[in-house]
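Engineer: build me a structure from this.
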Amino acid sequence: MTDPDQLDQFLMLTESPAVKFAEFGLVFLLAVHMFGGLRLMALEWLPWRPQQKTLAALALSTSFFIAGIFFLKAI
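Structural biologist: Got it, this is the predicted structure:
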């Protein structure tokens, strides 16, 4: 972008609530993917534990916490 007015319009667009919510969704999904993978590796490499549902809930809640912090910093 070479026109300063177009850049200003684009930057104003990125400050809209819809874009902030979409960023929250992307960070949340990335965190879920990462912690889900870590949980899966732990289940495969560590001795089997009956708390698989607890580990899944912990991975999801940690992902939501990280995405929530990102969302609060964005607004």
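
Engineer: helix, strand or coil for G36?
Structural biologist: Following DSSP: H, G, I helix; E, B strand; the rest coil, we place G36 in the helix state.

Engineer: roughly how far does the residue lying closest to it once chain neighbours are set aside sit from L30?
Structural biologist: Take G36 and drop its neighbours on the chain: the residue closest to it by CB to CB, 6 or more residues apart in numbering is A59, 5.6 Å away. C-beta here means a position set from N, CA and C on the backbone, and glycine is covered the same way. As judged by CB to CB, to the nearest Å, A59 and L30 stand 13 Å apart.

Engineer: so these two - more neighbours on which side?
Structural biologist: A59 (20 against 14; other CB atoms under 10 Å).

Engineer: quick one: the more buried one and L40 touch, right?
Structural biologist: No - taking contacts as CB atoms under 8 Å, A59 lies outside contact range of L40: 9.2 Å.

Engineer: would you list every one of the helices in the protein?
Structural biologist: 4-14, 17-45, 52-74 (DSSP state H).

Engineer: what would those look like in JSON lines with mean pLDDT?
Structural biologist: Listed next are these as JSON lines, based on pLDDT from 0 to 100:
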{"stretch": "helix 4-14", "mean pLDDT": "88"}
{"stretch": "helix 17-45", "mean pLDDT": "84"}
{"stretch": "helix 52-74", "mean pLDDT": "81"}
